[in-house]
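Peer 1: Give the three-dimensional model of this entry:
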Amino acid sequence: SVLTLYLAIRESTTSAGASTSAELFTLLKGLQAQKEMYGYESASVGYHLRSLGQLHAKLQQFEYAGYFFAELLQLQLRLGSSDADLIATLSHLGHTFQQTGKVTDAMACFRKALTVYRPHDNNSNSNDDEDEENKK
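Peer 2: Numbering: from 1, shown residues only. Predicted coordinates:
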């Protein structure tokens, strides 16, 4: 349940302050509400997963951040999210792996982000070449 997760996380955020704990609890409650209303396959669930990952990264709780970013990535892949969203999530996840010493996992995330990006990079170059051909 959300309360159980909140209590477990709260123990490690006591130094972060009451406002951070309140923000965390609000996000967790929002995540649960979105899941109940729309099911797990919803972009609004993704918003809460991203926010929770970012908050935990800000608190330097990279294990928790990684959990939420990994969940977000899986959701984005199922929903067919935009490449920009996938790249951002892969980058966030890579940084959390890097911060927890999981260098191999971090590198895999960064490589995957590059493979998502490169097709667009190649397309823009080929479009430039076509534009040059059309001008002749």
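
Peer 1: What is the neighbour count of residue 51?
Peer 2: 18 (other Cβ atoms under 10 Å). No exception for glycine: its C-beta is placed from N, CA and C like everyone else's.

Peer 1: Past the helix or strand hosting it, which element shows up next along the chain?
Peer 2: According to DSSP states H and E, residue 51 maps onto helix 43-58. Beyond helix 43-58 on the C-terminal side, the first helix or strand identified by DSSP H and E is helix 62-79.

Peer 1: Could you list the low-pLDDT ranges of the chain?
Peer 2: Scanning the chain for pLDDT under 70 picks out 1-21, 119-136.

Peer 1: Is it correct that residue 96 is in contact with residue 60?
Peer 2: No: the criterion here is Cβ atoms under 8 Å, and residue 96 misses it with residue 60 at 10.2 Å.

Peer 1: Neighbour count for the two, which is higher?
Peer 2: residue 96 (26 against 9).

Peer 1: need the contact list for the residue lying closest to the more buried one once chain neighbours are set aside.
Peer 2: Leaving aside its chain neighbours, residue 96 sits nearest to residue 66 (3.8 Å; criterion: Cβ to Cβ, 6 or more residues apart in numbering). For residue 66, the contact set (Cβ atoms under 8 Å, 6 or more residues apart in numbering) comprises 53, 93, 96-97, 100.

Peer 1: And the buried ones among these, selectable in ChimeraX?
Peer 2: Buried subset of the contacts of residue 66, written as a ChimeraX selection, criterion 16 or more other Cβ atoms under 10 Å:
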select :53,93,96,97
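
Peer 1: okay, the contacts of residue 66 in CSV with secondary structure next?
Peer 2: Below are those laid out as CSV (DSSP: H, G, I helix; E, B strand; the rest coil):
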residue, secondary structure
53, helix
93, helix
96, helix
97, helix
100, coil
